[in-house]
Each structure stands twice: as C-alpha cells, then as structure tokens.
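Colleague: let's see this in three dimensions:
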Amino acid sequence: MIKKMLGTIIVLILLPTAYAADVSEETRKTIIDKLQQARPDLKYGAVESSPIDGLYRVRINGTQFFYANKTGDYIITGDMYQALPGMFAPIKDLAAAKLRKEMLDSVATKDMIVFPAADVRRYILHVFTDVDCGYCRKLHIETVPELNMAGVEVRYLAFPRAGLDSASYRKIASAWCAKDKLAALTALKNRQPITENVCKDNPVASHFLLGQKIGITGTPALILEDGALLPGYSPAAELLTIMGLDENSDG
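Modeller: Below is the predicted model of the structure:
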C-alpha cells in the first residue's frame, strides 16, 4: 500500500485542482463565525468548494487548511484523494503551490546554502532541512549528489525542528555562518562536528518562521519549481521523474 501511495506522487504534480472559489459570502460567514467561536486564535482565510458536495476547504495562513461542513460544526484535517484506476491520487492544491513559490521567490539566494548543478542547470529544488534528521542526512548523502549530476540545483533552507532555542539550531546556524557553508553542512550531515559559530545575522530564524508559514511540519520538505510540496525523503530517480528530467523525458 505504501509503495502504491508513493507511486501517485507524479499524479499529484500533474493533476489539476478540482477546487473553485465559488462559495457564497453567506456560506463563508456561517462557517468562519462557527469556527472562530471554537478557535479564535487561528487566522482564517478563503473558504473554497471541494469535489465533495457539502464539504468546504478553509484556508489558514494561506497554505494550510482543513475541511468543514456547511455549518462549520464539523471539521476534517488531512489530504483529499481521488479514486483513479489502480490508485488513490492526492489532489494538488494549486493556490497553495503558487503562494509557496511567491514566498520562496522573496528569499535571497545568498541566504541559502546552494549545491549547484554539476553542469547546465535544468531545475531548482528548494529543501527545508534539519541536521539532526535521519532522512535529511540520507537525502543529502544519497540523493543530492545524483540530482546535482542530473542538472538540479539544490537550495537549502534551515528548519531546526527542535526550535530556535535548541542544540539543533546552534548546529545548523553554525553551518550558515561558516566560511565554507557547503563543507560545514555536509560535515554535519555526516555526523561530524563543526566549530560552533552562531553569527548574529544568520537567516535560520527567518527560514524557520517561513517554513512554519508555508505549512512545513517535518523534514526534509522539498518544494518543486511550481511550489508543490513533497514532504519526506525521496530517491533521486523518483524525483527526477517528477521533475521531468529522467531519461525518458524531453525535459
């Protein structure tokens, strides 16, 4: 079952959204009023229709959401899938992808740790990473070199899952403050110590807050050029297929 779900990632990228922002103001007000009574601390955004009649998607902080019924009395969290022959295909959230792309475009490349393509750059992949995350290490050691050789530039942003008052923060900030950032980050990914050096102007906190705003809850979190979010580890071959850069693609 897990393999089958992993095999639907390509469908996630290609499948057009089935949502439309055609909800009446009356319905929106009814849902939001009810939800605000329960959780006034959340920042509610658009209310959109979904492929399921009577179920609406409620935006929170732009890229996060949950589903609610027409009265707002019941909510559901999680992803929605479409039943297709031989698979359950996640429905892509185009609006959130667009917003993620805009957010990432606002981050200066100089504030990222960039592992460039070995030759001609064919694709840019953004990765939110943590140095104390096993799958982040696996991605860096096994996947990133293959991606670089295939023409993918990997741009890292920092996301210390333990928070900004943690040893993980100090480690990853030290990589961002190092003279040779690529070598420092690679050393940490290989469980090798580096000199602690948390400079005042490091961008780790801003990356962490951006990640939270985007809706990242774990690492590694990969964001494609169109803003689509792929949570978790993926091998290079799978990612290159998603990006349209495998040997069977014209990309």
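
Colleague: list the contacts for the closest residue to Pro235 other than its chain neighbours?
Modeller: For Pro235, ignoring the flanking residues on the chain, the nearest one in space by C-beta to C-beta, 6 or more residues apart in numbering is Thr143 at 6.1 Å. Just so you know, the C-beta spots here come from the backbone N, C-alpha and C atoms, and that holds for glycine as well. When contacts are counted by C-beta atoms under 8 Å, 6 or more residues apart in numbering, Thr143 touches 233-236, 239.

Colleague: and what of Arg57?
Modeller: With C-beta under 8 Å, 6+ apart, Arg57 has these contacts: 19, 47-50, 65-67.

Colleague: please, where are all the strands along the chain?
Modeller: Remark: strands assigned in the chain by DSSP state E are 44-49, 55-60, 64-69, 75-76, 81-84, 87-90, 113-115, 123-129, 152-158, 221-223, 229-231.

Colleague: nearest to Ala178, of these?
Modeller: strand 113-115 (9.4 Å; C-beta to C-beta).

Colleague: just checking, what packs against that closest one?
Modeller: strand 152-158, helix 181-189 (3 or more C-beta pairs under 8 Å, 6 or more residues apart in numbering; DSSP states H and E).

Colleague: quick revisit: what is the nearest of the contacts of Arg57 to Cys199?
Modeller: Closest to Cys199, out of all of these and judged by C-beta to C-beta, is Phe65, at 36.5 Å.

Colleague: and that closest one, how far is that from Ser50?
Modeller: Phe65 sits 10 Å away from Ser50 when distances are taken as C-beta to C-beta, to the nearest Å.

Colleague: which one of these two has more residues nearby?
Modeller: Phe65 (24 against 17; other C-beta atoms under 10 Å).

Colleague: most neighbours per residue, which of the helices and strands packed on strand 113-115?
Modeller: Among those, strand 152-158 has the highest mean neighbour count (mean count of other C-beta atoms under 10 Å), at a mean of 23.

Colleague: buried members of the contacts of Arg57 into ChimeraX, please.
Modeller: Buried subset of those, written as a ChimeraX selection, criterion 16 or more other C-beta atoms under 10 Å:
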select :19,47,48,49,50,65,67
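
Colleague: show me where pLDDT drops low in this protein?
Modeller: 1-21, 61-62, 248-251 (pLDDT under 70).

Colleague: can you pull the buried residues of the lengthiest helix in the chain?
Modeller: Across the chain, the longest stretch assigned as helix under DSSP state H is helix 25-38. Residues 28, 30-32, 34-35 are the ones in helix 25-38 that count as buried (16+ other C-beta under 10 Å).
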